[in-house]
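Novice: Whatever this is, show me its structure:
(chains A and B)
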Protein chains: 2
Amino acid sequence: MLRKKKDWMVEVFVTLKPSVLDPQGTTVQRALHSMGYTSLTGARLGKYFKLSFAANLNKTEVEKQARRMCDKLLVNPVIEHYHLKISNDAKRAA
Amino acid sequence: MLRKKKDWMVEVFVTLKPSVLDPQGTTVQRALHSMGYTSLTGARLGKYFKLSFAANLNKTEVEKQARRMCDKLLVNPVIEHYHLKISNDAKRAA
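Specialist: Next comes the predicted model:
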């Protein structure tokens, strides 16, 4: 039985560097505090990208391209950090 | 030696449901295509929250509170999905 190769799925997690103020996170934290969640000690916001890549690439090539995309477009290296998670599971592509 | 208990860290990943159009993701995909990354087959955007909770709670309680926060404030259940990752690692709290 032939099975079609699945697209690569790259998840990119972008967070502000710890030294950078996060007013959005502070607002979320305050809102939750005022709703009664007083055991919340902090909240930071980030971005989450799901990129899919053609299945005919190999993992090294996918990682290389994804990192280049982050460095050039998706992430601001002055204030943000990122990490990647690469998988080959079509169900997560949705 | 006494070690201070570390705060709980809850990571919340929010994504648009597959059936919901994601114009931001489409824009990112187009931009990357025009930069030459033609093996990119899709891009979707999401939100990423890092919440920290007081160390004196137990894991069940942390998860319960986090899910309630998502349902009430952080996530729009009509168009978004979310999943959580709970850990007890202070280094990730930054």
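Novice: Please make it C-alpha for all contacts and neighbour counts, starting now.
Specialist: Noted.
Novice: elements contacting the lengthiest strand in chain A?
Specialist: Counting residues, the longest strand in chain A under DSSP state E turns out to be strand A:40-53. In terms of contacts (3 or more C-alpha pairs under 8 Å, 6 or more residues apart in numbering or on different chains; DSSP states H and E), strand A:40-53 is packed against strand A:8-16, helix A:23-34, strand B:40-53.
Novice: That strand vs helix A:23-34, what angle?
Specialist: Using axes from the mean of the first three to the mean of the last three C-alpha atoms, to 10 degrees, the inter-axis angle of strand A:40-53 relative to helix A:23-34 is 130 degrees.
Novice: Spit out the contact partners of A:K85.
Specialist: A:10-12 (C-alpha atoms under 8 Å, 6 or more residues apart in numbering or on different chains).
Novice: Could you export the strand or helix carrying A:L84 as PDB, CA atoms only?
Specialist: Assigned by DSSP states H and E, A:L84 belongs to strand A:80-87. The C-alpha trace of strand A:80-87 is given here as PDB (Å, rounded to 0.1, in the frame of the first residue of the first chain):
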ATOM      1  CA  GLU A  80      12.500  38.600  20.700                       C
ATOM      2  CA  HIS A  81      13.600  35.000  21.200                       C
ATOM      3  CA  TYR A  82      12.300  32.000  19.400                       C
ATOM      4  CA  HIS A  83      12.400  28.200  19.300                       C
ATOM      5  CA  LEU A  84      11.200  25.700  16.800                       C
ATOM      6  CA  LYS A  85       9.500  22.300  16.900                       C
ATOM      7  CA  ILE A  86       9.600  20.300  13.700                       C
ATOM      8  CA  SER A  87       7.300  17.300  13.200                       C
END
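Novice: residue contacts, the residue positioned nearest the centre of chain A?
Specialist: The residue lying closest to the centre of chain A (C-alpha atoms, centre = their mean) is A:F13, at 2.0 Å. Each residue near A:F13 by C-alpha under 8 Å, 6+ apart is listed here: A:46-49, A:82-84, B:48.
Novice: I'd like those written out as TSV, with distance to B:N56 added.
Specialist: Shown next, in TSV, are the contacts of A:F13 (distance: C-alpha to C-alpha, whole Å):
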residue	distance to B:N56
A:G46	26
A:K47	29
A:Y48	29
A:F49	33
A:Y82	30
A:H83	29
A:L84	31
B:Y48	24
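Novice: Show me how to select, in PyMOL, the buried members of those residues.
Specialist: Command for PyMOL, covering only those of those found buried under the criterion 16 or more other C-alpha atoms under 10 Å in any protein chain shown:
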select buried, (chain A and resi 46+47+48+49+82+84) or (chain B and resi 48)
